[in-house]
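Chemist: sequence and computational prediction follow.
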Amino acid sequence: MSLNFTTIEGKSRGYNTLLAILIVLSVAGFVSFMVSYIEGHQLLGSNNLIPWGMPIVVAIYLIGLSAGSLILSSLTYVFGKEEYRPISRVAVFLAIVLIFGAMVGIGLDLGRPEKTWRLFMFFMLNNMRSMFAINTILYGGYFVIGLVYLGSIFAGRSKMTKMMGMIAIGWAALVHMGTGAIFGFVAARPIFYSPLKPFEFLAAAMVSGLALLMIAIVVVFKYTKREYDQKIIFSLSRLLFALIVGLVVIVLIDKLTHVYPPDREATIWLFTGPYAWVFWGLQVGCAYLVPLVLLTHPRYSKSLKGVLAAAILVVIGIFGERFALVIPGTAYPLPFYPGKIEGIWGATGTFPITFVETLMSLGIFTLMGLFFILGLKYMELLPVTETKEENPRPA
Amino acid sequence: MKSKRMGRSKSKKQTGRDLSRRTFLKLSALTGTVLGASHLGGPFSVDADAPSRGNVQAVPKEEWISSSCLNCPARCATRVRTVNGRAVQIVGNPLSHVSDGKTCPRAHIGLQVQYDKERLRVPLKRMNPEKGRNIDPKWAPVSWNQALEEMAKRLKSLRDGKQPQKLLLFYGLNTVSGEDLISRFAEAFGTPNLISGNGLDTEAEKSGNWMADGQYTPCAYDLDHTNYILAFGADLLESAKPLARYLRKWGKMRRENPNRTKVVVVHPRYSLTAAHSDEWVPIQPGTDAALAMAIAHVILSEELYDTTFVKQWTEGFEPYKKLVLSQYSPKAVSSLTGIPSETIERLAREFATTKPALAIRGKEALNWPGGSYTSYAIFCLNALVGSIDVPGGVLYQENPRYRDLPPVEEDEIAKKSKGQPSLDFHGTDKFPAARVVTNQIPESILEGQPYPVEMAIGFSSNFVMSAPGSKRWDEALRKLPYYVHVAPIISEMALYADIVLPATTFMEEWGYDHSPPGSGFAEVKIKQPVVKPRGEVKAAGDILFDLARRLQGSVARSFTGIGDDSKGFVKLRTSGLMAWEEFSKKGVWIGPDYEFRKYKRIFNTPSKKFEFYSGNLKSLYQKMGKKSEDEKTYLPHLEDAKFLGEKEKYPLILLPYQPLLVIESGSQNYPWAQEVFLPMHGIGWGTLVEIHRETASALGLSDGKEVWVESPFHKIKARVKFSEGVYPGVVAMASGQGHYSYGRWQKGIGVNPHELLGADYDRISGQAAFFNTRVKVYKA
Amino acid sequence: MPRWGMVIDLDKCVGCQACSVACKEENNVPHGSPEEQQWKREIYWHKVIAATNGRYPQVSTQVIPMPCMHCDHAPCVTVCPARATYRREDGIVIQNYRRCLGCKYCMVACPYGARSFNYKEQEEEEYHHPDLPPDRSVWGPWPYPTRTHGVVEKCTFCFHRIDKGLKEGKKIGKDVVPACVEACPANARAFGDLDDTGSEVARLLSTRRPIRLREELDTKCKVYYLLK
């Protein structure tokens, strides 16, 4: 079966409504960013104990999704699994959009976003021992590699594509392991400090990226009235199952290590304190347990709805995992001196959900959604099966 | 054929590539713009503004001016740095010996006092005749002339009606020069009613001293050389005076002297001082006298006392010894005080055998109905171990010898009214040895006894917040027919004023000051304007000169020849000390070195010796016809604590305390003080209800939640803290918050525990009791 | 090259917090408000903490002043991407506001909570120093006259005093010290060159056993404490 790719027409009512909503929300997000830029971060929820807030959570979440998505596209282009070819272009494009959104997210969290260019002055003005600086090389390079990768796919240069694919897998893995290292190498915050963090992040990236990809495929193909072989989704779901198991093992080891001394109080607080519902409910429940059950259930694992439900739960749950790392991870007070530290210095931090910050974070998502559906319209990402139809049906 | 096909597919391919390339370019352009836009700087980058600021920093005019602080009665000498006429830094004056040139944090907060945006600028007149806590006075600005004319008219009418005693003068924290002028005005005007805040402070300490050695002043201590300090309820590092001296000498005592001074703090609360001391001895509130007597018991029974001093320079040792040995054994007082008898014995032995040792008293031990006797009992411990006027012991403060002023001219009216009783009943049967009974005033005003008050003037006083029983003060102030308040800020007392006169802060006025007893030797500090006064403020001294002139007659004449304004007054009074130029430059005059062992001169008692059996009190009582057959009356002893409120209804005892960062000028509107208000609890901007953990959980309270604290008189709400540092059954609360008159940084913040207190007194000295009110605490 | 460090004697310290107030006075550090304290957004270059151990009546509260520790192995220096915070040759960890992006990575990494973020345009007060030398304007390590929001700030060991003092040939540690050391009424703090055997700090470090906070993290911080 030969495969040709095409754009969607993008003229239907549904498409235009979606476009309008995404534009409005993205603009709202931009406006709230400008407001927070002028008024200062007092409008956000972060504070001196919890310096990183929603934009960073969103950013690392998106990096994970992006890296995962890109690695999975390599199933086709590197490992030659033809059955995944119909979805691979979307996978790569999704990865590019997501990393762009992630970089926007990081930029939004900066206190002085106009100095973002400083992040890109590698080796000239930057301190290359900082994982943050190394990561900007990785993210920037990743973005460029993604574009070149997509370009070579469009150009049909299969040899170059294969090479780019291999580079892309390696680089994507490094990207997200690097993101994990940003957290894992910080000794001051006990929940962060672990050499497993890069691997934990990579596993979470694969899991969430794959789940997102599955949802994206099903949704896009459904709304553009395309046919696809459902076997793709089911084989991906089995892969998802394996990846979730891997993630659970790594997270289990990491958290178990942190329950032993030294510095176990912060982890115990994560398990039992006010953010316990994020950890147990979202991370463990939504991302691990329920999807594992669904994916091994005799009936649900064979129904598209069941698999899709598992994927949606994973996507939400991994967001909860990122949140459970960043916010409770910094909310526990620092133990300056043995004993109970009195007053504000010994009190656990609170992270209020503020209107401006929520709008801003939502704006990142909608901006990416905007780019995604624009990409679908203007780029040949979706397959058309020539045996079925001569021309693609309008969406 | 071939070309056609190729053409078709080529065009398709081309279209595809074109589109994708176009999109690719679009995408990268977008990326590039985003990345580059931030580099364009724009209006939010501060770099654009830098060059203009460079011009402003041309040649700043910098000056260092010597002055002194007035955020508490210690009045530390400071040096203020001004740049282009604005004060930007305050440091201690290294020439001062009282605290070796160091200051407490409040000296730095003087900057915020000076530049308080909500300070008074112009005189205000009240337009709303109704007076009350939450009532808007509807201030209208008036001119100085108008305000002072109105005041002068009323004052004149009082004199013309031959009733000058109906003028009541309050004064809180003012310069010593200001106080001198206020008392001169009172004398010339003819009113005996000069009420300072002393009756809320440490009058009981003074009366205890007076009973022993005839000096009605607080003690000074030689902290440089002492090796042991036994502090009874004394917050040495928080509210003792002069505080900066204690802070400096603490460092010296601990690690700069050859012997490390041991400090033991006896206190119902684990205070900041207790946290830094070597031992904290929790004690049942109000029983310090028993502990002191029990320590004396051990010293006497084990013969550890200084026999030479006791034999040569004391009187009344036998009756004292008899009382102590018969009633105050450590075992007897152990259950009363809550201290094990072994501890009492050990402390006594340490105290007596470590030489030289000091027993220091503080408010928590003394401000009780039996406070004078507690003060006496503790003071006697110093005599027992021979720590009177020796290095490392109790010192007798030398006072500066200001140039004498010409006598006040008293006309007939003033002479007559001098004999009138004063409103606070000091020196009468009610409060025989008292010099001022501040907290009696509300009752006197409300009952109109001994006569009604017609007019009152308050100089930086805020007794409605600092005195126990705020409600009575509210009612009394409301009843005053005419009240004028003179202060830099609208304090809570000013809310009841008919006229408010804006005074200068201590950084804008001329004055001379000396610290309360502390160092032994005399030291005078200058106050001079370091910045130009803001608005139309006038110094309190200048206001008095102006008023005196308007009153004419003997009052005006009493105010001539003494300098004509506050600057001249200061110059005149300090002219005997050193040359004016030198004094205003250096800022400090230090008296001669301290002379020890002046036993022939310092005992102002019938026997001219230190008296364990108070001859002074006995002769005073005899004079008043109050003779008592009970010998105990003239000996130090424990007076059983009387509480306000029944134990069944109000099971806990309230312990208000004053943290260091309370600015004692009547305002707390200073963020630097508010931010770090309670360092032991790591919080600011509020008050905590500190209760022993077990007591609190027995009451069913939850840590950190709001609770009501209710006394028989009032109730207030604050957060509770389960504490490990409070005696069981005691509720400790910091004072200094709970302001309601003005202030972005203080209004509505925290609560004032003094509102819960009832009015009670130590009868001998008139000291207001702060610690004998019972309360109950329950969930809010 | 000197290695500036500080010694704080906790036996002499009286917990008065004059150091915290004097630091704010010297460096024009903005004060906070009740809401900002509740949400932990107050700026503190120097803080005083209290650590309680034990139960009544054997309770002990240790009051500890904490400036920036100016660690030799500073975690903040390692993680700053823009090299906005770096250790000078003389050991002071400097914060360069011009380079700082406000990414807050240093705040996450600092084990001593020494850093504060500036969350809003701060009010300018009349008692602020207007007279900083031109080379300390916004081009360099100083946020004055208007502090820009969005950057991280922290204690600087009053490097402006030290540099000025060195230029004028004064003895650092005796004539010229940071504001907190100068303001301490109990003379509990000493500042000087840790490597100079004649300095006060070196002498103090030899008298009693000194400790550093969070020694287990091996930050090699240069603020030592002498215990009671």
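Modeler: Sure thing, it's come through.
Chemist: gap between the closest residue to chain A within chain B and residue B:749?
Modeler: For chain B, the residue closest to chain A is residue B:682, as judged by CB to the nearest CB, at 1.9 Å. For every residue, glycine as well, the C-beta is placed using N, CA and C. Distance, residue B:682 to residue B:749, by CB to CB, to the nearest Å: 17 Å.
Chemist: give the residue farthest from the middle of the chain.
Modeler: Answering for chain A, as no chain was given. The outermost residue of chain A relative to its centre, with distances by CA atoms, centre = their mean, is residue A:339 at 39.4 Å.
Chemist: oops, wrong one, chain C.
Modeler: Here chain C reaches farthest from its C-alpha mean at residue C:57, the gap being 34.2 Å by CA atoms, centre = their mean.
Chemist: residue B:484 in helix, strand or coil?
Modeler: strand (DSSP: H, G, I helix; E, B strand; the rest coil).
Chemist: which ones are touching it?
Modeler: Residues near residue B:484 by CB atoms under 8 Å, 6 or more residues apart in numbering or on different chains: B:151, B:455-458, B:497-501.
Chemist: where does the residue in chain C that chain A sits nearest to fall, phi/psi-wise?
Modeler: In chain C, no residue comes nearer to chain A than residue C:102, which is 1.8 Å away by CB to the nearest CB. Main-chain dihedrals, residue C:102, degrees, to the nearest 10: phi 80, psi 30.
Chemist: ok, it touching residue C:150?
Modeler: Yes. Contact criterion CB atoms under 8 Å: residue C:102 and residue C:150 qualify, at 4.3 Å.
Chemist: mutual contacts of these two, please.
Modeler: With CB under 8 Å, 6+ apart as the test, residue C:102 and residue C:150 both reach A:41, A:110-112.
Chemist: I figured the residue farthest from the centre of chain A was touching residue C:55, is that so?
Modeler: No. In this structure, residue A:339 is not within contact of residue C:55 by CB under 8 Å, at 11.7 Å.
Chemist: in chain A, which residue sits closest to chain C?
Modeler: Going by CB to the nearest CB, chain C is nearest to residue A:111 of chain A, at 1.8 Å.
Chemist: residue B:83: how many residues sit nearby?
Modeler: By other CB atoms under 10 Å in any protein chain shown, 17 other residues sit near residue B:83.
Chemist: returning to that earlier point: how about the contacts made by the residue farthest from the centre of chain C?
Modeler: When the contact criterion is CB under 8 Å, 6+ apart, the partners of residue C:57 are B:280, B:282.
Chemist: quick one, phi psi at it?
Modeler: Phi and psi for residue C:57, reported as degrees, to the nearest 10, are phi -90, psi 10.
Chemist: you'd agree residue B:709 is in a helix?
Modeler: No. Looking at residue B:709 with three-state DSSP, it is strand, so not inside a helix.
Chemist: which strands and helices sit next to the one helix or strand residue C:52 maps to?
Modeler: Element membership for residue C:52, per DSSP states H and E: strand C:47-53. Secondary-structure packing of strand C:47-53 (3 or more CB pairs under 8 Å, 6 or more residues apart in numbering or on different chains; DSSP states H and E): strand A:340-341, helix C:18-27, strand C:60-66.
Chemist: how far does that strand sit from the chain's center?
Modeler: On the basis of CA atoms, centre = their mean, to the nearest Å, strand C:47-53 is displaced by 17 Å from the centre of the chain it belongs to.
Chemist: quick one, helices of chain C?
Modeler: C:18-27, C:34-38, C:75-79, C:105-109, C:159-167, C:179-183, C:200-207 (DSSP state H).
Chemist: mean pLDDT for those: which is lowest?
Modeler: Here those differ in mean pLDDT, and the lowest is helix C:159-167 at a mean of 90.
Chemist: now do that helix against helix C:18-27, angle only.
Modeler: If you take axes from the mean of the first three to the mean of the last three CA atoms, to 10 degrees, helix C:159-167 sits at 80 degrees to helix C:18-27.
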